[in-house]
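1. Compute the structure for the input listed below.
(chains A, B, C and D)
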2 protein chains.
Amino acid sequence: MQITLKDIARMAGVAESTVSRALNNKKGVGEKTRKKIIKIAEENNYRPNQLARGLAANKTNMIAVVLSEMDSPGNIEIVKSLEEAAEADNYQIILCNTKNDPEKEKSYLSLLESNQVDGAVFIGGKLVGSHLLRASLDDNAIVLVNRLSEENFFTSVLTDYSIGIYKAVNHLLEQNYNNIALVCGSRNNLIEEEKISGYFNAYQEAGFKADQNLIFETDSSRQGGYNAFLEIIKNDSVPDAFISTKELTTIGLVEAIKTGGFFIPDDFAVVGYGDNILTSIIEPPLTVLSEPSKELGRISFDYLLKLINDNLEGQQIKVLAPNLIIRDSSISKYN
Amino acid sequence: MQITLKDIARMAGVAESTVSRALNNKKGVGEKTRKKIIKIAEENNYRPNQLARGLAANKTNMIAVVLSEMDSPGNIEIVKSLEEAAEADNYQIILCNTKNDPEKEKSYLSLLESNQVDGAVFIGGKLVGSHLLRASLDDNAIVLVNRLSEENFFTSVLTDYSIGIYKAVNHLLEQNYNNIALVCGSRNNLIEEEKISGYFNAYQEAGFKADQNLIFETDSSRQGGYNAFLEIIKNDSVPDAFISTKELTTIGLVEAIKTGGFFIPDDFAVVGYGDNILTSIIEPPLTVLSEPSKELGRISFDYLLKLINDNLEGQQIKVLAPNLIIRDSSISKYN
DNA sequence: TTTATTTTCGCAAGCGCTTGCGTAATGTGG
DNA sequence: CCACATTACGCAAGCGCTTGCGAAAATAAA
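-> I've put the predicted structure just below:
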């Protein structure tokens, strides 16, 4: 049998309301009674029933973290820092893995609608369900991470892929690679258009013109990267460098190159995505765009918390630029 | 404003209880009224308030997954399959990352005590808080994964490290490596003793005698593996092979070996831990013990579900043997 | 048709907590 | 010592749902 507020109240010889106020540090209870109540509560290892509390106060101290994919180390990193931030503010995290399935995402939305969580952050994923999200936006706290909605309507924290790719292209051009292939995700995702625009901008600014045919769409898996390479080298104009814009495709791409008997960076330069354990152990040491995962997590929780507490005026958008970390894979020998 | 049971009841012209029964597929409501109620509920996008439901029914359909560390791909894999299993049974997962901090674990336990979750699975971690766990075992559903408690008291699903290491040693001996170092975690964890016993068993059975000095304790990080190597080669008797028993130490170990200018398997054979993306991209291709992560997740949820529903008679312990996946890193050239 | 049986449904209590409001207790100044 | 302002506390309603129980309605048996 669980021990309840009522029990504590009886033991302390006060009313339930007094116990509640005492334990929640609210004013309206004398210092002596408060001490007494706290003591009794501790002695009896009293744990407030969070459901009851949530029901009464309309607050659960839980947030949903809706993840488009759990295989990406970067996403895990974001979750970790979110968890840390949440814990510090006494929030729990509900993990929701959608595997990029809009239906699942929809179903997880009902966590919000059913009052099970105070807010939700969506990490990655396509924009598809955007209308859906909006629909649910009665008064719900929602933050988007690395996800662009067409209406540009949600509070979001984003990696600036455009500038990231721009940097990467620039760097490769400087290294005298000028046939640069871009491996990205399906263009029905606005995020991918961002990348492409960065690509074109860099080319244009350098006075070269970019080749549409060097842009390859593939899914975000390791296999996707692998296949991308096989496709690309069928091309008329074979590139001399690759920029991979997802973590796992980076791995697959490198594998494909090496399996094909080619060398990095001698045959192809590579700029990968994500400064994580994967890209740190692969050979050769990989030049990568490093996503600010920790910040993404932390800031998104900050925003969410403010939204929950109605402390956020209007929509906020934070854009964080990725770093280009230069290693061997993109350093031309003939330089 | 949220739409409630009462609203639906009013719209349908029935009592709240009838709506509740209709929507929960309980008997005691006619087919026609049920249809009508469901229709109305759907039209109005009604979402039952899970807190209220949980409070009334004493059931939250949430479970806590308490993770000792989030950096291990194997653990993430377990969580993934847990999530999948849970989702199929309409359970949500609360992610709790303890970073091996017993205090945090303790605090997460209150999720159980405060009725916020119906059960909890603990993945990894030391036994430290075992008394604590027991204390909380009023009537709580708890499953342990890859964690040994001294009292052997909890329903658990375990990887059989003993047989795993046994296989690894055997294999290495067959390859004529007979100075095998074992890199494991701190021996204050029973799990580690398991590993060591497998190590000794294999040696004994083969008629060799094992060298205590070749057993190295280190923390489970990449750096831990790296340092382990540096320590080990200071030894009088330098080993010719390594068995690393954690995922990240495996990575660090290999890095240290390569950084030291040594070659695998020429200078040292290596058997690593975990058949994951990390060990699949590292070079050379690594012989590993493959943990049955998917099963660990699935089975632990099965157990937990039964515990929650009081369908589990007594304590259950499931032990799963890891596979030895043989690749280049342990194949002697002089064979 | 009448009685017995089953099914359908409403009533009301209760899950454990929070919170507005009113009253009793305490403290302050004259 | 009294009037007044504070502060400390209890009362009771209410959060949105579930569920046991009894009454009414529908169905089956006699």
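2. Spell out which parts of the stretch 1-150 of chain A neighbour chain B.
-> By Cβ under 8 Å from any Cβ of the partner chain, the residues of the stretch 1-150 of chain A that approach chain B are A:2, A:45, A:47-52, A:54-55, A:60, A:62, A:65, A:70, A:76, A:79-80, A:83-84, A:87, A:92-97, A:104, A:110-111, A:113-116. In this view, the C-beta of every residue, glycine as well, is placed from N, C-alpha and C.
3. Got a ChimeraX select line for the buried ones in those?
-> Remark: buried members of the residues of the stretch 1-150 of chain A next to chain B, expressed as a ChimeraX selection using 16 or more other Cβ atoms under 10 Å in any protein chain shown:
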select /A:47,48,49,50,51,52,54,55,60,62,65,70,76,79,80,83,87,92,93,94,95,96,97,104,111,113,114,115,116
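4. Near DNA strand C, list only the ones from the residues of the stretch 1-150 of chain A next to chain B.
-> A:Gln2, A:Arg47, A:Pro48, A:Asn49, A:Ala52, A:Leu55 (Cβ under 7 Å from any atom of the strand).
5. with those in mind, which one is nearest to DNA strand D?
-> Nearest to DNA strand D among those, counting by Cβ to the nearest atom of the strand, is A:Leu55 at 4.1 Å.
6. which SS state does that closest one fall under?
-> Three-state call for A:Leu55 (DSSP: H, G, I helix; E, B strand; the rest coil): helix.
7. Please name the residues that touch it.
-> A:Leu55 makes contacts with B:Asn49, B:Leu51, B:Ala52, B:Leu55, as judged by Cβ atoms under 8 Å, 6 or more residues apart in numbering or on different chains.
8. tell me the pLDDT at it?
-> As predicted, A:Leu55 sits at a pLDDT of 94.
9. again, but for A:Asp138
-> The per-residue pLDDT reported for A:Asp138 equals 65.
10. Low-confidence ranges, chain A, go.
-> Confidence mapping of chain A against pLDDT under 70 gives the ranges A:1, A:127-138, A:334-335.
11. and if we set it to 80?
-> Scanning chain A for pLDDT under 80 picks out A:1, A:127-139, A:149-152, A:312-313, A:333-335.
12. Kindly report the domain assignment for it.
-> By the record's domain assignment, chain A is partitioned as A:5-48, A:61-159+A:293-321, A:162-291+A:324-330 (automatic domain parsing).
13. Among those, single out whichever gets nearest to B:Met11.
-> Ranking those by proximity to B:Met11 (Cβ to Cβ) places domain A:61-159+A:293-321 first, at 18.1 Å.
14. DNA strand D contacts on the stretch 51-200 of chain A?
-> A:Ala52, A:Leu55, A:Ala56, A:Asn58.
15. Would it be right to say that A:Ile142 lies in a helix?
-> No. Membership of A:Ile142 in a helix is not supported by three-state DSSP, which gives strand.
16. quick one, what contacts A:Leu182?
-> Per Cβ under 8 Å, 6+ apart, neighbours of A:Leu182: A:Ile165, A:Lys195, A:Ile196, A:Tyr199, A:Leu214, A:Ile215, A:Phe216, A:Phe242, A:Ile243, A:Thr245.
17. Distance check, the fifth one against DNA strand D.
-> According to Cβ to the nearest atom of the strand, to the nearest Å, A:Leu214 stands 54 Å off from DNA strand D.
18. do the third one as well
-> A:Ile196 sits 46 Å away from DNA strand D when distances are taken as Cβ to the nearest atom of the strand.
19. on that earlier part again, and the domains of chain A: which comes nearest B:Asn170?
-> Closest of the domains of chain A to B:Asn170 is domain A:162-291+A:324-330, at 27.9 Å (criterion: Cβ to Cβ).
20. How are the strands of the stretch 51-200 of chain A distributed by residue range?
-> A:62-67, A:92-97, A:119-123, A:141-145, A:155-159, A:180-184 (DSSP state E, counting those that start in this stretch).
21. could you check the angle strand B:92-97 makes with the second one?
-> So that's strand A:92-97. If you take axes from the mean of the first three to the mean of the last three Cα atoms, to 10 degrees, strand A:92-97 sits at 120 degrees to strand B:92-97.
22. Run me through the strand neighbours of strand A:92-97, direction for each.
-> Paired neighbours of strand A:92-97 in the sheet (DSSP bridges): strand A:62-67 (parallel), strand B:92-97 (antiparallel).
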